[in-house]
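1. model the following, please.
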Amino acid sequence: MDILAVTIALSVLLLASTWSFARSYFLKGRLAGMEEAALEIIRGIRSHYEGAGQAPPAPVATAIEALGSPARHALDRKGVQRYQARLWVFGDAVGAACWRKGYAACRLRLSPPQDKIRIDLSVADLLHLSSLAHLGFKKMMPNDRDIELHRFGGEDHAIEVAYAVERLEHAIPDNIRSFDHAASRDALIRNWWPPQRKSA
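-> Predicted structure coming up:
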């Protein structure tokens, strides 16, 4: 009877040790696979977050260093979760670095050169300004004898066109702009459409 009890106890211990060994072997293989995958990912995306001749950003370097530190001494579920947390930190750092690099490249590409000015105009503003530019061009020609009737359709039309011209003028840097015709245009509109005329 004692031999049977000892045999059962030894069998239970053998099964427990086999289970523990298999579990630790599985966790060790899982961590090794995660580390290898992380190294391959780092190799593959390095060109996306690094600049030419520049060191990687500090958060990315810290995350890579954390991924490279050995994690196999804690062969349990919490050890795997800790390494997964390192992967999350690495992914967040790389994502932020890639966004910053892409934003800087896009800003550099879309920014106008130093001697150029970029201004956003609506289609209505462009139509008003093109008609004014055409009329001004014709009136500046020495042989202009033509009398064309170009009139505003009302006060609202005049204010809208004046606003478009003012936006164009304000795009000119202050040290270059030697004129400010906004007040003159406002006075012309007020003189032609005085309040008493509008109320009559």
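
2. what's the longest helix in this protein?
-> The helix that spans the most residues within the chain, counting by DSSP state H, is helix 2-49.

3. wait, what's in contact with the closest residue to L168 other than its chain neighbours?
-> Counting by Cβ to Cβ, 6 or more residues apart in numbering, the nearest residue to L168 once its immediate chain neighbours are dropped is L129, at 6.4 Å. Glycine gets a C-beta too; all of them are placed from N, C-alpha and C. The neighbours of L129, taking Cβ atoms under 8 Å, 6 or more residues apart in numbering as the test, are L121, A164, V165, L168.

4. tell me the two of those that are most distant?
-> Taking Cβ to Cβ, the two most distant members of the contacts of L129 are L121 and V165; they sit 10.9 Å apart.

5. quick revisit: for the following helix or strand past the longest helix of the chain, what is the distance to the chain centroid?
-> Moving toward the C-terminus from helix 2-49, the first helix or strand encountered (DSSP states H and E) is helix 58-68. The gap between the average C-alpha position of helix 58-68 and the chain average comes to 23 Å, counting by Cα atoms, centre = their mean, to the nearest Å.

6. what of stretch 46-65?
-> The answer for stretch 46-65 is 18 Å, by Cα atoms, centre = their mean.

7. pull out the buried positions in it.
-> Along stretch 46-65, these residues count as buried under the neighbour rule (16 or more other Cβ atoms under 10 Å): Y49, E50, P56, P57, V60, A63, I64.

8. and the third one, what is it in contact with?
-> This points to P56. By Cβ under 8 Å, 6+ apart, the contact set of P56 is R46, Y49, E50, I64, A97.

9. hmm, try it at 7 Å
-> P56 makes contacts with Y49, E50, as judged by Cβ atoms under 7 Å, 6 or more residues apart in numbering.

10. which strands and helices sit next to the longest helix of the chain?
-> helix 58-68, helix 77-110 (3 or more Cβ pairs under 7 Å, 6 or more residues apart in numbering; DSSP states H and E).

11. any idea which of the ones you listed is most buried?
-> Ranked by mean neighbour count under mean count of other Cβ atoms under 10 Å, the helices and strands packed on helix 2-49 are led by helix 58-68, which reaches a mean of 16.

12. ok and that helix relative to helix 2-49, angle-wise?
-> For helix 58-68 against helix 2-49, the angle between stretch directions is 150 degrees (axes from the mean of the first three to the mean of the last three Cα atoms, to 10 degrees).
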